[in-house]
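Trainee: The sequence isn't on hand, but the structure is:
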Ligand code: 2RA
């Protein structure tokens, strides 16, 4: 058990869910502290019925903290992670800043739990669009070796933060009232629209969000030979990312086999009955920690192709839940020593 734990970015949307999860999952600790930027420091947080003062993130605040779970912007993580690690604190970082550092394990507990072994104080949690995809890929990869993935994402506005969610609601109201609305999180209107750009232009016409799906998938599976072709789209959905995924495998996987493989995988829930209109939808997956899979079908255009639809709560499994699961792995690995 870690004696003193901290949530860094405790007042943000993901920080709030991390707090809920620590309580729900009875995460073990003796002392807990809540850290945030100067702007939120000094406010108070009620946790398990007790009031806590939110402390400002400074280098010295990490003295005496044994484990920190961080959900902050990249620039903040760039700063605070070394402060913490230098003071002997183990950090589970949810930001994008450290993910591709060779010495930093990038972990999805259902996929590569072994990667935490030999960590050097810092462990990263992947981007939300990657996390749900690799959880769904894992049983198929183990069974038939995935050699190619074509994925199109339908990403909710919550992925762009609370401002993104506000943009959807206020933009929709303004659209219906025939009024102008100044979008804060998005460059284009998101109400009654789709935006085929998430992140900045990065590589050969792909965006930074799309390239994260390529590089992070390679790192998590430890296999650069998996070819990944992503298209990331922002859609007018409040929360939960959806993905249309096509995998090509070395060994053919039938629909029945895929359904069985998915159903036997902890962390995956199968909702797959087209005749009765049953498939995962964002509005129904909101607030759940699972990765939902449905619309499982053979690819009509290739011999070993399998297509499916995948939905997950991007704030939970895509962020908070995965980070807390990594922290749980760390507790388990301490107990095993
Ligand atoms: C998004 N994946 O949905 C990002 C958040 N990390 O914008």
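Mentor: It's in. Values in this document were obtained by computation on a predicted structure and should not be read as measured data.
Trainee: so what's residue 65 up against?
Mentor: Shown in contact with residue 65 (CB atoms under 8 Å, 6 or more residues apart in numbering): 4, 5, 6, 33, 84, 87, 89. Every residue, glycine included, has its C-beta placed from N, CA and C.
Trainee: so how far is residue 274 from it?
Mentor: The span separating residue 65 from residue 274 equals 50 Å under the rule CB to CB, to the nearest Å.
Trainee: Could you do residue 201 as well?
Mentor: As for residue 201, its distance to residue 274 is 37 Å (criterion: CB to CB).
Trainee: Helix, strand, or coil at residue 225?
Mentor: For residue 225, the assignment made with DSSP: H, G, I helix; E, B strand; the rest coil gives coil.
Trainee: I'd assumed residue 147 was in contact with it.
Mentor: Yes: if you go by CB atoms under 8 Å, residue 225 and residue 147 touch, sitting 7.1 Å apart.
Trainee: which of these two has more neighbours?
Mentor: When residue 225 is set against residue 147 and neighbours are counted by other CB atoms under 10 Å, the residue ahead is residue 147, at 15 against 10.
Trainee: Name the helix or strand for the more buried one, please.
Mentor: Here residue 147 sits within strand 146-155, counting by DSSP states H and E.
Trainee: Can you tell me what sits against that strand?
Mentor: By CB under 8 Å, 6+ apart, the surrounding residues in contact with strand 146-155 are 128-129, 133, 137, 140, 198, 209, 213, 217, 225-235, 237, 241-250, 314.
Trainee: List, out of those residues, those positioned next to the ligand.
Mentor: 128, 129, 198, 209 (CB under 6 Å from any ligand atom).
Trainee: so the second one touches residue 213, yeah?
Mentor: Yes: counting by CB under 8 Å, residue 129 does reach residue 213; the two are 5.7 Å apart.
Trainee: Please enumerate the helices of the stretch 201-337 of the chain.
Mentor: Along the stretch 201-337 of the chain, counting by DSSP state H, counting those that start in this stretch, helices occupy 208-221, 255-263, 282-285, 321-336.
Trainee: Next, the buried residues of the last one.
Mentor: By neighbour count with 16 or more other CB atoms under 10 Å, helix 321-336 contains the buried residues 321, 322, 323, 324, 325, 326, 327, 328, 329, 330, 331.
Trainee: Need the max-distance pair from the ones next to the ligand among the contacts of strand 146-155.
Mentor: Maximum pairwise distance in those, criterion CB to CB, is 10.7 Å, between 128 and 198.
Trainee: mind checking pLDDT for the residue of the stretch 151-300 of the chain found nearest the ligand?
Mentor: Proximity of the stretch 151-300 of the chain to the ligand (CB to the nearest ligand atom) peaks at residue 159, 2.0 Å away. In this model, residue 159 is scored at 97, pLDDT.
Trainee: From residue 150, how far out is it?
Mentor: Looking at residue 159 against residue 150, where the rule is CB to CB, the gap reads 21 Å.
Trainee: is the ligand contacted by the helix or strand bottoming out on mean pLDDT in the chain?
Mentor: Ranked by mean pLDDT, DSSP states H and E, the weakest helix or strand in the chain is helix 321-336, scoring a mean of 94. No: for a cut-off given as CB under 6 Å from any ligand atom, helix 321-336 has no contacts with the ligand; the smallest distance is 11.8 Å.
Trainee: just checking, what packs against that helix?
Mentor: In terms of contacts (3 or more CB pairs under 8 Å, 6 or more residues apart in numbering; DSSP states H and E), helix 321-336 is packed against helix 13-24, strand 67-70, strand 90-93.
Trainee: That helix relative to helix 13-24, how many degrees between them?
Mentor: Angle of helix 321-336 versus helix 13-24, following axes from the mean of the first three to the mean of the last three CA atoms, to 10 degrees, is 40 degrees.
Trainee: what's in contact with helix 321-336?
Mentor: For helix 321-336, the surrounding residues in contact (CB under 8 Å, 6+ apart) are 1-2, 5, 17-18, 21-22, 25, 27-28, 67, 69-71, 90, 92-94, 107-109, 113, 116-117, 123, 125-126, 131, 289, 313.
Trainee: and if we set it to 7 Å?
Mentor: The set of residues external to helix 321-336 that reach it, using CB atoms under 7 Å, 6 or more residues apart in numbering, is 1-2, 18, 21-22, 25, 27-28, 67, 69, 71, 90, 92, 94, 107-109, 113, 116, 123, 125, 131, 289.
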